[in-house]
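Q: need a structure here:
(chains A and B)
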2 protein chains.
Amino acid sequence: MNLDAHDRAGYAIALEQARLGAGEGGVPIGSSIFQNGKLLGAGRNRRVQNGDPTAHGEIDALRKVGRRASYAGTTLYSTLAPCAMCAGSIILFGIPRVVVGEDENFPGELELLRSRGVDVVVIDDPKATALMESFITEYPALWNEDIGVEEN
Amino acid sequence: MNLDAHDRAGYAIALEQARLGAGEGGVPIGSSIFQNGKLLGAGRNRRVQNGDPTAHGEIDALRKVGRRASYAGTTLYSTLAPCAMCAGSIILFGIPRVVVGEDENFPGELELLRSRGVDVVVIDDPKATALMESFITEYPALWNEDIGVEEN
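A: Numbers count the residues shown, from 1 in each chain, chains lettered A, B, ... in the order given. As a prediction, this is how the structure comes out:
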């Protein structure tokens, strides 16, 4: 699995963000960004909280980190596999490594990331999987809205 | 070129947004989103204005449009070819058509968009090309920051 103490800390912050989002009635996906073992920022999906469709967890974390001339040495942690938008942000900014809680509830764009040279680690965290599964079961329309799936 | 009156109106708004951004000292890229010929919202790159690295023109326009259950029948206009993040947002939300001012100053991810079934039209607008070229010449470090190119 190749997780060190920094990874465990980074992932724990992402999972905490996801739980905070759940408590706010939001889509429970969290993210954090570390650089060389130091926390740069963290965020969570805020579609519901801010009425912002682009506020996925990873995008919210990138906003919290703010402007940077370099993302060298960064790892992005996310409780769920990144969608096309978030994978694109990782590719755009040259984030070299991504640690993902789970890809069972949403496959994301892990192959796109790998095809662009990003090191992707999926840790298969049952806590993240259960949190997401519970949310999707309870709020299917909100989940479909968040991933651009049109309901009939 | 396949541009109708709605396209000309949509693109004109994107170009106006880019010029507004230039006047604010920002990265001069604008975007607008129409649905079945009706304006949903418009935005511009606000990296400088808001200190937000994710606020590319297309993302800012999507934020202005707000939450939607469907992007059927939408066209996104952008003065410059969308980067990986913005192309990813177009793919995620299922925006079926993109009209791009120019792809000379930045190639963007037009092939990725096309590979996912998005109808991409490049209009080769010399006004957009000149605006962007002038910005890149004057502010190369800011431009590199915006597209994730690390300077040495």
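Q: how deep is the closest residue to chain B within chain A tucked in, by neighbour count?
A: Scanning chain A for proximity to chain B using Cβ to the nearest Cβ identifies residue A:88 as nearest, at 2.8 Å. Backbone N, C-alpha and C define where each C-beta goes, glycine included. Per other Cβ atoms under 10 Å in any protein chain shown, the neighbour tally for residue A:88 reads 28.
Q: Could you do residue A:106 as well?
A: 17.
Q: swap in residue A:140?
A: 12.
Q: Same question for the one 3 residues further on.
A: By the other Cβ under 10 Å criterion, the neighbourhood of residue A:143 contains 17 residues.
Q: Quickly find the element holding it.
A: helix A:140-146 (DSSP states H and E).
Q: Whether that helix contacts chain B - can you check?
A: Yes: on the criterion Cβ under 8 Å from any Cβ of the partner chain, helix A:140-146 is in touch with chain B at A:141, A:144-145.
Q: Now a ChimeraX select for only the buried ones of those.
A: The buried residues among these can be selected in ChimeraX (16 or more other Cβ atoms under 10 Å in any protein chain shown) with this line:
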select /A:145
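Q: What residues does chain A have near chain B?
A: So chain A meets chain B at A:47, A:51-54, A:59, A:62-63, A:65-72, A:83-89, A:91-94, A:109, A:116, A:141, A:144-145, A:147-148, A:150-151 (Cβ under 8 Å from any Cβ).
Q: Mark which of these are buried, thanks.
A: By neighbour count, with 16+ other Cβ under 10 Å, these hold A:47, A:52-54, A:59, A:62-63, A:65, A:68, A:71, A:83-89, A:91-94, A:109, A:145, A:147-148 as buried.
Q: Looking at these, which are in strands?
A: Taking DSSP state E, every one of those sits outside strands.
Q: sorry, back to before: show me what contacts the residue of chain A closest to chain B?
A: A:109, B:83-89, B:109 (Cβ atoms under 8 Å, 6 or more residues apart in numbering or on different chains).
Q: again with residue A:135
A: With Cβ under 8 Å, 6+ apart, residue A:135 has these contacts: A:22, A:27-28, A:143.
Q: just residue A:103 next, same as before
A: Per Cβ under 8 Å, 6+ apart, neighbours of residue A:103: A:80-81, A:110, A:122.
Q: for the residues you listed, which one is nearest residue B:104?
A: Residue B:104 has its nearest neighbour among the contacts of residue A:103 in residue A:110, at 32.3 Å by Cβ to Cβ.
Q: The closest one and residue A:84, how far apart?
A: Counting by Cβ to Cβ, to the nearest Å, the separation of residue A:110 from residue A:84 is 11 Å.
Q: Tell me the spacing between residue A:150 and residue B:117.
A: To residue B:117, residue A:150 is 14 Å away according to Cβ to Cβ.
Q: Narrow the residues of chain A next to chain B to those in helices?
A: Mapping these onto helices (DSSP state H) picks out A:47, A:59, A:62-63, A:65, A:84-89, A:91-93, A:141, A:144-145.
Q: How far away from the center of its chain is the lengthiest helix in chain A?
A: As assigned by DSSP H, the longest helix anywhere in chain A is helix A:5-23. Relative to the centre of its chain, helix A:5-23 is centred 10 Å away, using Cα atoms, centre = their mean, to the nearest Å.
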